[in-house]
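In: Build the 3D model from these lines:
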Amino acid sequence: MALLALLATFGRMAIALLITIAVAYAVAYAMHKSRRVESFVLPVLDVLQSVPILGFFPIALYVFIYLFPVVGAELAAIFLIFTSMAWNIIFSVYQSFKTMPSEYVDMARIYLNERLELAHVYIPAALRGIYYNIPVSWANAFFFITASEVITLGTEIRLFGIGSLVVEAFNAGDYATAYIGIAAGALANSLLYLTLWRKLAREVPQPPNSLAESLSAWLKYGWYVVVALTALFITAVGYYVAKAPPSLPQLGEFLRGAAESAEALPPSLLRVVAVLAISGAAGLAALYSVVKKPGWETAILLGTSLLSSIPAVFLYPLLGAVVKGELLAILLLMPGALIYSVLNTIAAWRDVPQDLARAYQIGGAAYFLHILVPAPFPI
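Out: The predicted structure follows:
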């Protein structure tokens, strides 16, 4: 049962990942080619990436489930997974296009037509960043998988998958099944990292020429598809809001909830700042370890990916039996932050010209303070 549930979950995540990469190429290329699109879309993406997956629940429920009653639950789950995967990959592709050497673009315009330029310059330019960010997105999506498979908003919809399986097992007091499900997820994510994600990041395989050339049309016109689907999505949301406008008691309840949220915001921000500080320090410590002992890199990245892919709902029964209060809240927030800080810190250091450090014989404390510490900040 756990294996089938895991396959169902991984299937949804794989579909969401493919959609994420397609949207990333389309949106990033549009921002790269148009200052007007860039000035509008970039702030929107900044806002959207700060919205937690729970913030997309009402949209997922009312639009997908009520608009597509047969497959709506599956579409809602894939949409929620997409919202936890998309943002870092979109920004990675955008950064790859913005930092592409201008001489490459100029030479491509001289010797290649537009289709070949898109296929053999733009698509490969972003692959390294995509491959390196896939483990981050995958771990982040798995961290929130219970929220994607157990959709609760007035009514509860549970999809067959490893997240809902573990939740149901805990609720039924079947701890053996719950821990088997947690172990199966951890083992599967470890194997996936060792056999696929690490290989992609190291080798950066390129798509076949025929495939890349066939996908070049998506880079050019995909933005219009994304805009059309977004407009349709917003129209559907507006239709359901207009169909059932909130009553005065509901508005009053909303305002009370907003006031309570505002009151709870300062301590939440302090927790987030504490988690960011700790995860940043952990990222620098991981980078220092990799620089000193390169053989540790696989173990550090594997351990970070594994820890960050264990959903907080799974961790809560384990950690809650040992720690309480603020420390518990910070520990539950840590896995999601660690994957970003550790992987991005190591990735940023790889972009630093190491030949210059060796040429000027920079080592010891100077290397740590002037190369290792500044390297991650652009990320």
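In: Quick check: Ala172 vs Leu165, distance?
Out: 11 Å (Cβ to Cβ, to the nearest Å). (Each C-beta comes from the backbone N, C-alpha and C, glycine too.)
In: Of the two, which one has the most company?
Out: A count of neighbours by other Cβ atoms under 10 Å puts Leu165 above the other of Ala172 and Leu165, at 27 against 10.
In: buried residues in the helix or strand where that one lies?
Out: Assigned by DSSP states H and E, Leu165 belongs to helix 162-171. Buried residues in helix 162-171, counting neighbours by 16 or more other Cβ atoms under 10 Å, are found at Ile162, Gly163, Ser164, Leu165, Val166, Val167, Ala169, Phe170.
In: swap in stretch 117-124?
Out: Here stretch 117-124 shows Glu117, Leu118, Ala119, His120, Val121, Tyr122, Ile123 as buried, counting by 16+ other Cβ under 10 Å.
In: what's the answer for stretch 313-329, then?
Out: For stretch 313-329, by 16+ other Cβ under 10 Å, it's Val313, Phe314, Leu315, Ala329.
In: Secondary structure added to those residues, as TSV?
Out: Formatted as TSV, those follow (DSSP: H, G, I helix; E, B strand; the rest coil):
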residue	secondary structure
Val313	helix
Phe314	helix
Leu315	helix
Ala329	helix
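In: which of the residues you listed sit farthest apart?
Out: The most widely separated members of these, counting by Cβ to Cβ, are Phe314 and Ala329 (16.0 Å).
In: How far away from the center of its chain is the longest helix along the chain?
Out: Counting by DSSP state H, the longest helix found in the chain is helix 248-292. Centroid separation for helix 248-292 versus its chain: 17 Å, with Cα atoms, centre = their mean, to the nearest Å.
In: And for stretch 234-241?
Out: Taking mean C-alpha positions (Cα atoms, centre = their mean), stretch 234-241 and its chain are 26 Å apart.
In: Skip ahead from the longest helix of the chain and say which helix or strand is next.
Out: That would be, after helix 248-292 and using DSSP H and E, helix 297-308.
In: list the buried ones in that next one?
Out: Buried, per 16+ other Cβ under 10 Å, within helix 297-308: Glu297, Ile300, Leu301, Leu302, Gly303, Thr304, Ser305, Leu306, Leu307, Ser308.
In: Give me the below-cutoff pLDDT ranges for the chain.
Out: 151-156, 244-246, 351-361, 363, 378-379 (pLDDT under 70).
In: could you check the angle helix 297-308 makes with the longest helix of the chain?
Out: 160 degrees (axes from the mean of the first three to the mean of the last three Cα atoms, to 10 degrees).
In: what packs against the helix holding Leu165?
Out: Judged by 3 or more Cβ pairs under 8 Å, 6 or more residues apart in numbering; DSSP states H and E, helix 162-171 is in contact with helix 2-33, helix 145-149, strand 150-153, strand 155-158, helix 175-192, helix 312-320.
In: repeat that with 6 Å
Out: The contact analysis (3 or more Cβ pairs under 6 Å, 6 or more residues apart in numbering; DSSP states H and E) places helix 162-171 against helix 2-33, helix 145-149, helix 175-192.
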